[in-house]
Structures are given as structure tokens and as C-alpha cells.
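In: when you get a sec, could you give me coordinates for this:
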Amino acid sequence: MTGERSGDATAPDFESWAAARGPALVRYAHLVTGGSPDAPDLAQDALAQVWARWGRLEGDAEAYARRCVTNGSVSRWRRVRRLRSVAEVEEAAGPDPTRAVDDADHAWALLATLSPVQRGAVVLRFYEERSYAEIGSILDVPEATARSHVHRALRALRTRLEES
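Out: Have a look, this model is predicted:
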């Protein structure tokens, strides 16, 4: 089940689709949010949005759900970012005192420094092995913008990796 909804008489009902694709959506939300405890909530919100549009949804339901997760992550990121005090931002900009972490933890920490959109683009490109056209479709941006998000994210990751 890919989540296709374009008038296909064999399209699954929402409950079947959500049961089949829900765990993958939660994993995607977890990766996009940088491991935030809000990831299951974002996935649930996305499923609620898909359910609300299920009868009218045209195209790939999973792409719509992923776009909902990404947009929700960006919204939460902006809200939290506005609430940070200057002192917290300055402290976070300092070097990480835990240099003795393994490669996976270090990569996770670097990935968490990206914006939610860039993190989503990198996750889709390298974790889910999606094409730039698919990334653009999921994030609701042109393919060139998807390429730009991935390129800028990789450049930022390289810079941060060299600094550490």
C-alpha cells in the first residue's frame, strides 16, 4: 500500500491505511523533529488531517501526511524558537562538552542543528532514499528547492563537522 488515493476503487479505507503506514509516519516524525518527544503527536496530528481530507484527498496520501508532519514540525520549531531567551541561545551555541559520543550520537546531534525543513529533506534523501522530485512533492516545493535544501543542509553539516 503506497497510499495512492486518486480515484482507485481498490484504495484502502483510512483505518487500514493508517494501521499500515502509521508506524513509518511516526519514524519519519521522529527523524524530522530530531528525536523530539513531540514526534508521535505530530504523526497523530498528520493522521487526523489525512482523515479529515480522506474522501477528497487526491494523489499520494502518504506524501500529504509527511508534508503535514514537516509543516507541523516547522510550526513547533518556530514557536519554541521564539520562546528562547538570549542566554539559552548563547549557551547552545558553545561547543558540546560531550566529545566522547559514538558516531551515531554525533551524527544525530549534528542533524538536530538543522532546520526542520532541511532535516526533513536530508532524511528523505539519505534515510528513505527518495529522489529530489519525490522530496519536492512531499515537502510541497519545486524539485530545485528540494535540491537546495539538501545541498545547504549538507554544507552546514560539513561545516559543523569540521568545527567539532
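In: could you pull out the helices for the protein?
Out: With DSSP state H, the ranges of helices along the chain come out as 14-32, 39-53, 61-83, 86-93, 103-112, 116-122, 132-139, 143-163.
In: what's the mean pLDDT across the third one?
Out: Spelled out, it's helix 61-83. Regarding helix 61-83, the rounded mean pLDDT is 81.
In: then the first one?
Out: The average of the pLDDT scores along helix 14-32 is 90.
In: and the second one, by the same measure?
Out: Looking at helix 39-53 alone, the average pLDDT works out to 91.
In: with mean neighbour count added, can I get the helices of the chain in CSV?
Out: Quick note: C-beta positions are derived from backbone N, CA and C, even for glycine. As requested, the helices of the chain are exported to CSV (neighbours: other Cβ atoms under 10 Å):
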stretch, mean neighbour count
helix 14-32, 18
helix 39-53, 18
helix 61-83, 18
helix 86-93, 9
helix 103-112, 14
helix 116-122, 24
helix 132-139, 20
helix 143-163, 15
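In: for Ala48, give its distance to Phe126.
Out: The gap separating Ala48 from Phe126 is 29 Å, by Cβ to Cβ, to the nearest Å.
In: could you do Asn71 as well?
Out: Counting by Cβ to Cβ - Asn71 and Phe126 are separated by 21 Å.
In: same deal with Arg21?
Out: Separation of Arg21 from Phe126 (Cβ to Cβ): 21 Å.
In: what's the answer for Arg79, then?
Out: Computed as Cβ to Cβ, the Arg79 to Phe126 distance reads 28 Å.
In: next one: Asp140
Out: For Asp140, the distance to Phe126 equals 20 Å [Cβ to Cβ].
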